[in-house]
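Asks: Prediction below, plus the sequence it came from.
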Amino acid sequence: MSRKQKIDLGDSSNYEDQGRAVRQRLDEGGSLNRWTGKPYSSRYYSILDARTKLPVYQFKDQVLKSLEDNQIIVVEGETGSGKTTQIPQFFLDAGFEERGVIACTQPRRVAATSIAARVAEEMDVNLGEEVGYTIRFEDVSDPNKTVLKFVTDGMLLREAMSDPLLLRYSVIILDEAHERTLATDVLMGLLQELLPKRTKGSKHGELKLVVMSATLDAKKFRDYFHGAPLLKVPGRTHPVEVFYTAEPEPNYLEAAVRTTIHIHQCEGPGDILVFLTGEQEIEQACEEIREKALALGQDLPELVVYPLYSSLPPQQQRQIFKPAPGPRIPGGPSGRKVVVSTNIAETSLTIDGIVYVVDPGFSKQKVYNPRVRVESLLVSPISRASARQRSGRAGRTRPGK
Ligand SMILES: Nc1ncnc2c1ncn2[C@@H]1O[C@H](COP(=O)(O)OP(=O)(O)OP(=O)(O)O)[C@@H](O)[C@H]1O
């Protein structure tokens, strides 16, 4: 199959059948990867099976038809529905890359890099070739080869300053728009002005825009873009049970550490993600969890603890994706990984193996005090939408709590 050849998925609305049909056709064609021309790996097929079961897969035709008919669409997808990893690939299946690069923005660096790595794996290509990412100080893409690029919203904004018509691109996907980061909001304003200059039949070709958001805010974006069609993608893949403390905890840091240790002692296998508000708190919690786990002795499986906050260097941030340690003795229970993070792990991230999420319900938020005209970061209770996003970090690759 040539690199540019499209895979025709036919009209069937049953995408599990379609997944099978795609594989069958690929097998008939000698199982050659559309991008590399090499045979697909067995890993590719096992991921393809999981991908076709994601809720968003049933909306593939609808998303493509809608984008073909409109310049702008808004997609409202529940957490874990598969919108970030799958929708950009739908556009590749439909051949949009022939008109220009497809860019998908992410508010956070760690999300841009990890999603690019995942999508490269799903497409069975090397990261930095057909699929790449650009974050501040790090560009892992090839100007001659990359067809799908994950970028932080800030980097795309910078690019828009030197190339105001974003001529390299055929589709811009603004993901996690509900987070309302400054860069995404400014990009939305820029794109609203830019899109009339890049319509169908215009000198530079059409630029399409897809705004993707979690539930709640999607209607606002539709109104902002003058009634662009809104597509709703329901459902997450696996169930997540939610438990609450009987009473509010006077010290949430101490309670989060205690709960983590309790899970380690009493619950079945699976990694733990704990949300706290900032670097100092996170380092303190990591230290306390390590000490307490050590004091429990060698009878329990090994516990490794990783911090995650935005000022950590990217290399250290990526440690959270390392698998949990193996058993202490051959045949014994596997070790467990704990990630203690700020809200940078709240959206977009899939950390394979996370089964338990501990959420005290606080984050640092920018608050403007008009009396003294100063903006400061204050520890404040999170919104219900954030709590939903946090619980959605479990239940992504298996049921969660
Ligand atoms: N690195 C990964 N390892 C294993 N599975 C993954 C990985 N990345 C994604 N997945 C699978 O794909 C599913 C969809 O991920 P995706 O990031 O596309 O969801 P989403 O709809 O954008 O959710 P959110 O808005 O919460 O980020 C996950 O729930 C998980 O099952």
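Replies: Nice, thanks for sending it over. Keep in mind that this is a model prediction, so the values were computed, not measured.

Asks: Next, residue 90: secondary structure please.
Replies: Assigned with DSSP: H, G, I helix; E, B strand; the rest coil, residue 90 falls in the helix class.

Asks: Quick one, grab the pLDDT at the residue nearest to it when sequence neighbours are not counted.
Replies: Nearest residue to residue 90, sequence neighbours excluded (CB to CB, 6 or more residues apart in numbering): residue 60, at 5.3 Å. Backbone N, C-alpha and C define where each C-beta goes, glycine included. What the model reports as pLDDT for residue 60 is 94.

Asks: which helices and strands does the one helix or strand residue 60 maps to pack with?
Replies: Element membership of residue 60, judged by DSSP states H and E, is helix 60-69. The contact analysis (3 or more CB pairs under 8 Å, 6 or more residues apart in numbering; DSSP states H and E) places helix 60-69 against strand 72-77, helix 83-93, strand 230-233.

Asks: Give me the below-cutoff pLDDT ranges for the stretch 301-401 of the chain.
Replies: Residues of the stretch 301-401 of the chain that meet the criterion pLDDT under 70 are absent altogether.

Asks: thinking again about what came up before, so which of the helices and strands packed on helix 60-69 is the most surrounded?
Replies: Mean neighbours per residue, mean count of other CB atoms under 10 Å, is largest over the helices and strands packed on helix 60-69 for strand 72-77, with a mean of 25.

Asks: what pLDDT, on average, does that strand get?
Replies: Computed over strand 72-77, the average pLDDT equals 92.

Asks: hmm, that strand in reach of the ligand?
Replies: Yes. Using CB under 6 Å from any ligand atom, strand 72-77 reaches the ligand at residue 77.

Asks: repeat for stretch 269-283
Replies: No. Judged by CB under 6 Å from any ligand atom, stretch 269-283 and the ligand are separated, with a smallest distance of 12.3 Å.

Asks: Start and end of that stretch, how far apart?
Replies: End-to-end span of stretch 269-283 (CA to CA, to the nearest Å): 24 Å.

Asks: so, in contact with the ligand or not, stretch 376-395?
Replies: Yes. Using CB under 6 Å from any ligand atom, stretch 376-395 reaches the ligand at residue 392.

Asks: buried residues in that stretch?
Replies: 382, 385-395 (16 or more other CB atoms under 10 Å).

Asks: now swap in stretch 166-182 and tell me
Replies: Buried positions in stretch 166-182, judged by neighbour count with 16+ other CB under 10 Å: 166, 169-179, 181.

Asks: what does stretch 322-335 give?
Replies: Result for stretch 322-335 [16+ other CB under 10 Å]: buried residues 324, 334-335.

Asks: CSV for the helices and strands packed on helix 60-69, including distance to residue 289?
Replies: Below are those laid out as CSV (distance: least, CB to CB, whole Å):
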stretch, distance to residue 289
strand 72-77, 33
helix 83-93, 30
strand 230-233, 36
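
Asks: Nearest to residue 213, out of the ones you listed?
Replies: Closest to residue 213 of the helices and strands packed on helix 60-69 is strand 72-77 (CB to CB; 5.7 Å).

Asks: Tell me who's in contact with the residue nearest the centre of the chain.
Replies: In the chain, the centroid-proximal residue (CA atoms, centre = their mean) is residue 348; its distance is 2.6 Å. Contacts for residue 348 (CB atoms under 8 Å, 6 or more residues apart in numbering) come out as 84, 106-108, 111, 115, 175-176.

Asks: ok, 6 Å please
Replies: Residues near residue 348 by CB atoms under 6 Å, 6 or more residues apart in numbering: 106, 111, 176.

Asks: Setting the sequence-adjacent residues aside, check what's closest to the second one.
Replies: Here the nearest residue to residue 111 in space, its sequence neighbours aside, is residue 348; by CB to CB, 6+ apart that works out to 3.8 Å.

Asks: Check residue 241 too.
Replies: Closest to residue 241 by CB to CB, 6+ apart is residue 401, at 4.9 Å.

Asks: The one you found: how many residues sit nearby?
Replies: 19 (other CB atoms under 10 Å).

Asks: again with residue 314
Replies: The burial count for residue 314: 13, using other CB under 10 Å.

Asks: before we move on, what about residue 68?
Replies: 10.

Asks: ok, it to residue 62 distance?
Replies: Separation of residue 68 from residue 62 (CB to CB, to the nearest Å): 11 Å.

Asks: Repeat that for residue 177.
Replies: Going from residue 177 to residue 62 by CB to CB gives 19 Å.

Asks: ok, which stretches of the stretch 201-350 of the chain are strands?
Replies: 208-213, 230-233, 271-275, 303-308, 336-341 (DSSP state E, counting those that start in this stretch).

Asks: Residue 117: what's it in contact with?
Replies: residue 127.

Asks: which element is it on?
Replies: Going by DSSP H and E, residue 117 is in helix 109-123.
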